[in-house]
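**Q** Please find the sequence and the predicted model below.
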Amino acid sequence: MTLPERQLANAIRALAMDAVQAANSGHPGMPMGMADVATVLYSDYLKFDPNAPKWVDRDRFVLSAGHGSMLAYATLHLAGYARPTIEDIRNFRQLHSPCAGHPENFELEGVETTTGPLGQGLATAVGMAIAERHLNAVYGDDLVDHRAYVIAGDGCLMEGINHEAIGLAGHLRLGRLTVLWDDNRITIDGSTDLSTSEDIAARYAATGWHVESCDGHDPADIRRALDAALADPRPSLIACRTIIGFGAPNKQGTSATHGAPLGPDEIAAARKELGWIAEPFVIPADIASAWAAFGEKGKALHAEWNERLANSEKKSEFEDRLSGNVVPGDAFRAYLDGLVAEPPKVATRKASENTLGALTADIPALIGGSADLTGSNNTKTSSTKPLTKNDYSGRYIYYGIREFGMAAAMNGMALHGGVVPYGGTFLVFADYCRAAIRLSALQRQRVVYVMTHDSIGLGEDGPTHQPIEHLQSLRAMPNLLVMRPADAVETAECWALALAQENRPSLLALTRQNLPPLRHDVTENLCAKGGYRLRGASAARKVVLVATGSEVSLAIEVADKLEAAGHGADVVSMVSTELFDEQAAAWQADILPEDALIVSIEAGTTFGWERYTGRHGLRFGIDSFGASAPIEDLFRHFGLTADAITPQILAKLGN
């Protein structure tokens with residue numbers, strides 16, 4: 001007997017309201033409102049194999065409205081995934097439960113991306129769609145032919161990142177992307193009439209999207225809209241008119257169901273309204289069997305795909321590409337040898353471009369881009385032709401002035417697999433990207449942020465463009481590897497390190513101004529130590545100068561003056577405080593000995609450097625905003641010259 005689809009959807013509703021009630025915390029309204037849409041999606045459209053959650057050619061389902069996480073947990077459980085179990089769901093929002101308050105990709109294999117910060121899930125799915133089209137262009141329909149489906153709420157569509165994301169998706173004509181908008185017209189504060197009156201459908205249409213609408217509680221109408229979306233070559237928005245908290249007779253359609261448990265009385269009333277007689281956390285056998293059948297179709301499709309892969313001439317290359325194994329090759333080694341033979345005096349942004357020239361020749365998985373600063377970030381190479389709506393095989397994306405959208409899309413590409421994304425902007429605009437950088441770190445994704453113009457050294461553009469607090473605030477972010485190289489060799493080493501980070505993102509802070517060559521040996525990647533002794537003291541060591549990036553050459557000048565005054569001074573290049581902190585205690589103690597005066601020099605805030613200098617050390621930097629002037633004038637003005645720093649160190653030494 002075929003069960004009514006409403007009963008299948010009610011399984012989602014029951015699990016959602018019971019789990020939220022048990023946790024006394026959560027958001028039951030959205031899962032209850034979108035249960036019918038999710039049921040249709042899983043039954044007839046979503047390509048998945050619950051026994052192989054990481055099948056490369058699966059469709060990607062992104063719950064952008066992550067507060068409604070019980071919709072994800074309920075559907076994964078019902079569709080036959082090993083986790084979450086019903087016990088996991090019973091422990092919703094409890095410590096160590098994989099059913100966290102918002103979906104986390106590192107907790108459950110069926111969760112494609114961590115969501116919760118509204119709008120980012122949708123923007124991440126844009127990156128997934130880009131990766132799919134690129135790999136399809138390279139390997140063909142037999143191996144890569146899938147879609148990305150997003151459930152998004154009103155909040156996702158209000159957030160500023162939505163403008164950036166849908167503009168990029170429309171421009172690239174990403175027809176494999178379908179957004180199912182939970183058009184319930186309710187936010188936490190109440191009706192959306194309180195805060196918005198825009199024509200969302202018109203906005204999407206204006207950016208090149210196909211737009212449909214449907215009754216989100218009518219399976220036939222949902223199918224009609226989905227079929228229309230799949231038939232259109234453009235990305236699609238489907239406005240699913242729903243009732244938040246559907247089935248809760250006294251609270252549905254109101255903000256009362258948005259972010260709080262329904263309460264025992266309302267849950268009892270909802271069970272009666274929905275005709276759901278099962279006990280909490282119990283799924284009747286016939287309903288469980290019907291849901292399990294959805295996954296069986298995907299298992300068959302997966303078996304067919306496995307056969308195609310086995311017979312493909314590209315099998316070995318494809319599997320290597322999707323393994324995530326990216327190793328610099330012959331071109332990179334030749335480039336390093338060239339740096340020793342002819343040490344260049346270049347800005348580290350230029351050194352990065354030169355390094356990328358070798359790396360993109362060696363590694364086809366590298367896909368780059370810039371937020372409208374290609375010529376300044378130096379992120380394009382001869383190996384990376386543009387990725388466009390007419391040629392998805394390209395490896396360079398012109399993101400436009402969409403820093404946040406770029407960062408989120410790179411997260412999506414990294415999560416999709418088969419692509420290692422990097423993208424550039426000015427370091428000061430890391431603030432525009434920060435929420436997505438944080439998700440890169442939280443999700444443990446290999447994304448490389450190329451941030452140039454990293455200090456007052458950018459000169460005349462002035463304080464709006466000169467980073468001050470940025471480096472230290474980014475270093476404070478867990479699981480983000482921040483590296484600030486001092487010359488071309490260090491820049492190349494930092495790139496090699498960034499690509500080796502399989503479980504965390506990297507940020508390269510690079511200069512606009514030219515820097516002298518300081519390293520002349522590439523037999524060992526010294527930057528891997530985070531901080532290392534670039535030059536040891538000649539006289540008896542009394543001072544250790546710790547500097548980063550463009551200030552390392554300044555530290556060399558200071559050391560020369562100190563040595564001339566009879567005081568031995570080590571110079572330490574602190575490329576990455578994160579990597580330095582990961583070294584053995586003996587290494588750290590050798591580099592920063594307790595019997596020396598520790599002095600930090602960085603053209604940014606001095607905040608945080610006391611961690612290395614100690615209370616009695618010296619810290620040279622900038623604890624105000626910058627100014628508009630030529631570079632040399634700025635460094636003099638802020639006291640970042642050997643002539644200004646050396647007397648203060650001598651005074652501290654008692655001379």
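**A** That came through fine.
**Q** Contact partners for the closest residue to Ser538 other than its chain neighbours?
**A** The spatially closest residue to Ser538, leaving aside those adjacent along the chain, is Glu563, at 5.4 Å (Cβ to Cβ, 6 or more residues apart in numbering). For the C-beta atoms, the positions are set from N, CA and C on the backbone; glycine is no exception. Contact criterion Cβ atoms under 8 Å, 6 or more residues apart in numbering gives Ala537, Ser538, Ala539, Ala569 as the residues in contact with Glu563.
**Q** Give me the three-state assignment for Glu563.
**A** Assigned state for Glu563: helix (three-state reduction, DSSP: H, G, I helix; E, B strand; the rest coil).
**Q** try Val40
**A** Using three-state DSSP, the three-state assignment for Val40 comes out as helix.
**Q** Quick one: the helices in the stretch 551-655 of the chain, in order.
**A** Secondary structure of the stretch 551-655 of the chain (DSSP state H, counting those that start in this stretch): helices at 551-564, 577-581, 585-591, 610-613, 631-637, 642-653.
**Q** For the longest one, what does the pLDDT average out to?
**A** Model confidence over helix 551-564, given as mean pLDDT, is 98.
**Q** Run the angle between that helix and helix 642-653 for me.
**A** Using axes from the mean of the first three to the mean of the last three Cα atoms, to 10 degrees, the interaxial angle of helix 551-564 with respect to helix 642-653 works out to 60 degrees.
**Q** Dig out what Phe426 forms beta bridges with.
**A** When bridges are taken as DSSP bridges, the partners of Phe426 come out as Thr452.
**Q** mind putting the contacts of Glu563 in CSV, secondary structure included?
**A** Listed next are the contacts of Glu563 as CSV, based on three-state DSSP:
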residue, secondary structure
Ala537, coil
Ser538, coil
Ala539, coil
Ala569, strand
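**Q** And those, which is closest to Asp154?
**A** For those, the residue nearest Asp154 by Cβ to Cβ is Ala569; the value is 59.9 Å.
**Q** mind listing what Gly101 touches?
**A** Contact partners of Gly101, counting by Cβ under 8 Å, 6+ apart, are Ser25, Gly26, His67, Ser69, Arg93, Gly116.
**Q** Go ahead and build a PyMOL selection from the buried members of those residues.
**A** The PyMOL command for the buried members of the contacts of Gly101 (criterion: 16 or more other Cβ atoms under 10 Å) is given here:
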select buried, resi 26+67+69+93+116
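**Q** Kindly indicate which of the contacts of Gly101 lies nearest Asp49.
**A** When those are compared for distance to Asp49 (Cβ to Cβ), Ser69 comes out closest, at 22.2 Å.
**Q** now the closest residue to that closest one other than its chain neighbours: how far from Gln583?
**A** The shortest distance from Ser69 to any non-neighbouring residue, by Cβ to Cβ, 6+ apart, is to Pro103 (4.9 Å). Distance check for Pro103 against Gln583: by Cβ to Cβ, to the nearest Å, it reads 35 Å.
**Q** and those two? which has more neighbours close in?
**A** In terms of neighbours (other Cβ atoms under 10 Å), Pro103 is the more surrounded of Pro103 and Gln583; the figures are 28 against 17.
**Q** thought the more buried one was touching Gly110?
**A** No. With the criterion set as Cβ atoms under 8 Å, Pro103 and Gly110 do not qualify as a contacting pair; they are 9.2 Å apart.
**Q** hey, what's in contact with both of those two?
**A** Joint contacts of Pro103 and Gly110 (Cβ under 8 Å, 6+ apart) are Ala72.
**Q** ok so, going back, nearest to Ala38, of the helices of the stretch 551-655 of the chain?
**A** If we rank those by Cβ to Cβ, the stretch that ends up nearest is helix 577-581, at 40.0 Å.
**Q** if you average pLDDT over that closest one, what comes out?
**A** 98.
**Q** quick one: buried residues of it?
**A** Thr577, Glu578, Leu579, Phe580.
**Q** Distance to Asp265 added to the residues you listed, as a markdown table?
**A** What follows is the buried residues of helix 577-581, written out as a markdown table (distance: Cβ to Cβ, whole Å):
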| residue | distance to Asp265 |
| --- | --- |
| Thr577 | 55 |
| Glu578 | 52 |
| Leu579 | 56 |
| Phe580 | 58 |
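**Q** Isn't Leu274 up against Gly247?
**A** Yes. Between Leu274 and Gly247 there is a contact under Cβ under 8 Å: 4.6 Å.
**Q** So those two - more neighbours on which side?
**A** Neighbour totals were compared for Leu274 and Gly247, and Gly247 leads with 29 against 21 (other Cβ under 10 Å).
**Q** The more buried one - that's part of a helix, no?
**A** No. Counting by three-state DSSP, Gly247 is not found in a helix; it is coil.
**Q** Grab the two from the contacts of Gly101 that are most spread out in space.
**A** Distance extremes for those: the farthest pair is Ser25 and Gly116 at 13.9 Å, using Cβ to Cβ.
**Q** tell me the pLDDT at Leu3?
**A** As summarised for this prediction, Leu3 has a pLDDT of 85.
**Q** hey, where'd the helices end up in the stretch 251-400 of the chain?
**A** With DSSP H, counting those that start in this stretch, the ranges of helices along the stretch 251-400 of the chain come out as 264-274, 285-310, 315-323, 330-341, 348-362, 374-377.
**Q** Let me have those helices in JSON lines, extended by distance to Val62 and mean pLDDT.
**A** Listed next are the helices of the stretch 251-400 of the chain as JSON lines, based on distance: least, Cβ to Cβ, whole Å; pLDDT from 0 to 100:
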{"stretch": "helix 264-274", "distance to Val62": "27", "mean pLDDT": "98"}
{"stretch": "helix 285-310", "distance to Val62": "17", "mean pLDDT": "97"}
{"stretch": "helix 315-323", "distance to Val62": "20", "mean pLDDT": "97"}
{"stretch": "helix 330-341", "distance to Val62": "35", "mean pLDDT": "96"}
{"stretch": "helix 348-362", "distance to Val62": "29", "mean pLDDT": "98"}
{"stretch": "helix 374-377", "distance to Val62": "28", "mean pLDDT": "98"}
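**Q** quick one, which of the ones you listed is packed in tightest?
**A** When the helices of the stretch 251-400 of the chain are scored by mean count of other Cβ atoms under 10 Å, the highest mean neighbour count falls to helix 348-362 (a mean of 24).
**Q** Report the distance from that one to the chain centre.
**A** Here helix 348-362 shows a centroid-to-chain-centroid distance of 22 Å under the convention Cα atoms, centre = their mean, to the nearest Å.
**Q** got a list of what the residue nearest the centre of the chain touches?
**A** Geometric centre of the chain, nearest residue: Ser440, 3.0 Å, by Cα atoms, centre = their mean. When the contact criterion is Cβ under 8 Å, 6+ apart, the partners of Ser440 are Ala407, Met410, Asn411, Ala414, Val447, Leu480, Pro505.
**Q** Go ahead and confirm Phe580 touches Asp590.
**A** No. The pair Phe580 / Asp590 is not scored as a contact, 11.8 Å apart, by Cβ under 8 Å.
**Q** burial measure for the spatially closest residue to Phe635 that is not a sequence neighbour, as a count.
**A** Counting by Cβ to Cβ, 6+ apart, the nearest residue to Phe635 once its immediate chain neighbours are dropped is Thr641, at 5.8 Å. Taking other Cβ under 10 Å as the neighbour definition, Thr641 ends up with a count of 16.
**Q** distance of Thr641 from Ser553?
**A** Spatial separation of Thr641 from Ser553 under the definition Cβ to Cβ is 12 Å.
**Q** what's the answer for Leu387, then?
**A** Note on Leu387: its distance to Ser553, by Cβ to Cβ, is 37 Å.
**Q** quick one: which of these two has more around it?
**A** Per other Cβ under 10 Å, whichever of Leu387 and Ser553 has more neighbours is Leu387, with 22 against 17.
**Q** Low-confidence bits of the chain, can you list those?
**A** Within the chain, the ranges that satisfy pLDDT under 70 run 1, 655.
**Q** picking that back up, hey, what's in contact with both of Leu274 and Gly247?
**A** Contact criterion Cβ under 8 Å, 6+ apart; residues shared by Leu274 and Gly247: Asn10, Arg13.
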